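Chemist: Here is a sequence with its predicted model. Questions after.
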Amino acid sequence: MIKVGYIQVQSSKLYCEMVCAEKVLRYLKKYPDKATYFTTIKMVFKIADYKYGYFVRHFSEGVRDLRLALYAEKYEDFSKLAQTIQSYFSNEWRNRNPYLNIFDNPFDADLFDSLPNDISLTIAATILAIRVNRLENCVAPLAWLRDRAKLAKEEQRAWFAAVLCEPMVLRGHIDEAVALSKSKKSPELPTPIEGLAGVLKGDFTHAQLIFDSYLKEAKQDSLVHPTSSP
């Protein structure tokens, strides 16, 4: 495996090529006796068990451990490692976000369906935001999140709207974005997305009415619920 490049030796340590590592670990996640293999991997690569905290020396090692925690289904370790890596290596996290290589290489809807809800939604939203910001292909995470939004409870709709409306509008799903932006309890209330839809459809008069109505509603709400000064 070293000869063909799947495993590399650097400073007396073994490293697995990223694409190969991803394929192997995704396969192992579905394997009944996966615990034995993950234990062996941790021994060979000398990976900490994080019993005494989450200290990460190098970004690449943190990403490696993040991937292993994910596929070993140690989700508490995964979440805490992600927070630690983001805190220790903020520049690398921003410029080389590991979620892209781990979860969008390629995007696997079945993998996301198998994760705890809070983890899967946060990661999919992160991937979507990065792809949209870079004007890159975001079809897979967008489709997965749109399916989740259709089943969302009322109290979750605002979160989905904040995450999805902009990329949905950019891809032409305008009416769906408008529907998502509206509260089911008060569908008559105007939203900025509804006004934007009017602009994009060339109905500028209606769009102006929507924006004016929204600003009036927001102003009245601020008078009823004023924010206190710090």
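Modeler: Alright, I've got the coordinates.

Chemist: And the pLDDT for the residue of the chain most remote from its centre?
Modeler: Most distant from the centre of the chain: residue 205, at 37.0 Å, with distances by Cα atoms, centre = their mean. Note for residue 205: predicted pLDDT of 94.

Chemist: The one 10 residues further on too?
Modeler: According to the predicted model, the pLDDT of residue 215 comes to 90.

Chemist: And the one 10 residues further on, by the same measure?
Modeler: For residue 225, the model assigns a pLDDT of 55.

Chemist: Likewise for the one 5 residues further on?
Modeler: Predicted confidence (pLDDT) for residue 230: 42.

Chemist: next one: residue 19
Modeler: 65.

Chemist: can you list the residues that contact stretch 125-135?
Modeler: 97, 99-100, 103-104, 107, 136-138, 141-142, 145, 163-164, 166-167, 170 (Cβ atoms under 8 Å, 6 or more residues apart in numbering). C-beta: built from backbone N, CA, C; applies to glycine.

Chemist: Which positions in that stretch come out as buried?
Modeler: For stretch 125-135, the neighbour count (16 or more other Cβ atoms under 10 Å) marks 125-132 as buried.

Chemist: In the chain, which residue is most central in space?
Modeler: For the chain, the residue nearest the mean C-alpha position is residue 123 (2.2 Å; Cα atoms, centre = their mean).

Chemist: Would you agree that residue falls within a strand?
Modeler: No - under DSSP: H, G, I helix; E, B strand; the rest coil, residue 123 sits outside any strand and is assigned helix.

Chemist: wait, it sits on residue 104?
Modeler: No - when contacts are counted by Cβ atoms under 8 Å, residue 123 is not listed as touching residue 104 (9.2 Å).

Chemist: helices and strands around the helix or strand containing residue 102, which ones?
Modeler: Taking DSSP states H and E as the definition, residue 102 sits inside helix 98-103. Other helices and strands packing on helix 98-103, by 3 or more Cβ pairs under 8 Å, 6 or more residues apart in numbering; DSSP states H and E, are helix 18-29, helix 59-71, helix 117-133.

Chemist: Now find how far off-centre stretch 188-197 is within its chain.
Modeler: Once both centres are worked out by Cα atoms, centre = their mean, to the nearest Å, stretch 188-197 turns out to sit 26 Å from its chain's centre.

Chemist: same question, stretch 154-167
Modeler: Distance, centroid of stretch 154-167 to centroid of chain: 13 Å (Cα atoms, centre = their mean).

Chemist: Now for residue 21: which residues touch it?
Modeler: Counting by Cβ under 8 Å, 6+ apart, residue 21 touches 64, 67.
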